[in-house]
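S.K.: okay, predicted coordinates and the sequence, questions at the end:
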Amino acid sequence: IYSSTMMQHFATTAGYWSGDKYTWNRGYASSMIDRIYGNAVKNIQDMMLQLETEEASPQMMAVVRIQRVLIFHRLTDLYGDVPYSEAGKAVIEGILTPKYDPQSEIYADMLKELEESVAVLTTGDSGFGDADLFFGGDQAQWKKFGNSLMLRLALRLIKVDPAASQQWATKAISGGVMESNDDIAYIQHTAGPEGINRNGNGEVFTVDGSPRISKTFRDILEGDPRLPILAARRSDGSTNPEDLIGFPNGLDLNMLQEMTGEEDTNNYAEPNRSIITGMDAPMFFQTYAEVEFMLAEANIRWGLAGDPAVHYANGVRAAMEMLSIYGDAAIIGDADITSYLDAHPYDAANGLEQISTQYWVATFLNEYETFANWRRVGYPVLVPVNYPGNVTNGTIPRRLTYSSSEESNNAENLAAAVANQGPDELTTRVWWDK
């Protein structure tokens, strides 16, 4: 609703996709914070308590601690200061009104958690086995994932603490990050049972036919073999690139008619329903392609990790090859990948923009990460919209807003968070986004 359209992967005339026009729907803006604390946070804290009570292996605890970092880094990246140290402990410790921790402290602890967790992971089964939907209990892959998350969080610090950013990036790289698409952190969903393991994006697209591929995204995908996999024409499902027209952000139906004379958007491209929007589609949390682009950036900034041109090419190739996880219809041939790289070689003069733009493409449908990384680097350069009634003065939002229920349930701690961070508005920047 917010991240995908603010980041101009999608566009739509539907007003309730608030990110397309920078309007404020408090319920949508707070939906993650409303949902995650009563589910994922509560469950992860309970898992940690059970493992501690049962004196489970350090390796099992390490896996859960890494998963906890994934949950909380998404929360804090979207909102800034959030309940962290006291969160999910209503039953465990009787804390019904958790304090909001400063994002700077949350980041420090998340990095510590990752460092300590990867240190105890070795090889073999962690003890979770098939109950581990990411890696089937494989400790070595969790170790790579933990270090890759560390690299992601390290680079988040680049605006506020460049020295710490370099220190943590160095530590992550030396610890061993993802090495191939076999290391991707993703969930393979199923079409049922209902409400159990369906892909959440797929559930949205099944009931909502309004999102279109943004013109910004379509233009950047010109000549890219991923285009006919990611997009199809709404009217007839055509994937011929010549039929795939991107839709501008920030328009409603009246504005569309005034601009083009058209009354609907069926001739524009939408996400490809035959490949990527099924309820049984995989959902990606971190990919090897992202890691390669981060390694390229680490070399540009600090001379770490080797030739950025090699990492750029590895990242583009990995981002294209990983689409095969969607099925045979999403396989891109090696010759097509090579042809694309030949036509779009690494350009050292614009290296950071180039790899960041490819990161933006590669995180399509992982819109939380797209939004966070764009705020960090500012690439690709997105042209904001200025829809009548928007609440940001025609600028792209920098965060989402807190839950209205906190005003009655946890008012004192909410007020302290706002006093520390700034107004609870879409334009207030989180700590690392200076």
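M.R.: Okay, I see it.
S.K.: what's the nearest residue to Gly192 if we skip its chain neighbours?
M.R.: Arg198 (7.0 Å; C-beta to C-beta, 6 or more residues apart in numbering). Yep, even glycine has a C-beta here, placed from its N, CA and C like the rest.
S.K.: swap that for Ala14, please
M.R.: Excluding the flanking residues, the one nearest Ala14 by C-beta to C-beta, 6+ apart is Ser210, at 4.0 Å.
S.K.: OK, contacts around the one you found?
M.R.: Shown in contact with Ser210 (C-beta atoms under 8 Å, 6 or more residues apart in numbering): Thr12, Thr13, Ala14, Trp17, Thr265.
S.K.: looking only at pLDDT, what's the mean for the one helix or strand Met283 maps to?
M.R.: According to DSSP states H and E, Met283 maps onto strand 282-286. The average pLDDT within strand 282-286 is 98.
S.K.: how about stretch 26-43?
M.R.: Mean predicted lDDT for stretch 26-43 stands at 96.
S.K.: stretch 106-119 too?
M.R.: Here the average pLDDT along stretch 106-119 is 98.
S.K.: what secondary structure does the residue nearest to Gly192 sit in?
M.R.: What DSSP: H, G, I helix; E, B strand; the rest coil gives for Arg198 is coil.
S.K.: who's in contact with the strand holding Met283?
M.R.: In contact with strand 282-286 (C-beta under 8 Å, 6+ apart) are residues 70, 134, 145, 148-149, 152, 178, 184-189, 199-201, 322, 325-326, 365-366, 369.
S.K.: out of those residues, which end up buried?
M.R.: When the contacts of strand 282-286 are checked for burial by 16 or more other C-beta atoms under 10 Å, the buried set is 70, 134, 145, 148-149, 152, 178, 184-186, 189, 199, 201, 322, 326, 365-366, 369.
S.K.: in helices, which of those residues appear?
M.R.: Assignment to helices by DSSP state H places the following of the buried ones among the contacts of strand 282-286 there: Leu70, Phe145, Ser148, Leu149, Arg152, Asn201, Glu369.
S.K.: show me what contacts the third one?
M.R.: The reference is to Ser148. Counting by C-beta under 8 Å, 6+ apart, Ser148 touches Ala172, Val177, Met178, Asp183, Ala185, Gln286, Glu290, Val291.
S.K.: repeat that with 10 Å
M.R.: 114, 118, 172-173, 175-179, 183-185, 286-288, 290-291, 294 (C-beta atoms under 10 Å, 6 or more residues apart in numbering).
S.K.: now the helix or strand containing Leu111: buried residues?
M.R.: Assignment of secondary structure by DSSP H and E places Leu111 within helix 103-120. Residues of helix 103-120 classed as buried by neighbour count (16+ other C-beta under 10 Å): Gln103, Ile106, Tyr107, Met110, Leu111, Glu113, Leu114, Glu115, Ser117, Val118.
S.K.: can you list the low-confidence ranges for the chain?
M.R.: Applying pLDDT under 70 to the chain flags the ranges 195.
S.K.: Asp81 versus the residue nearest to the spatial centre of it, what's the distance?
M.R.: By C-alpha atoms, centre = their mean, the mean C-alpha position of the chain lies nearest to Glu369, the distance being 2.3 Å. With the distance defined as C-beta to C-beta, to the nearest Å, Glu369 ends up 20 Å from Asp81.
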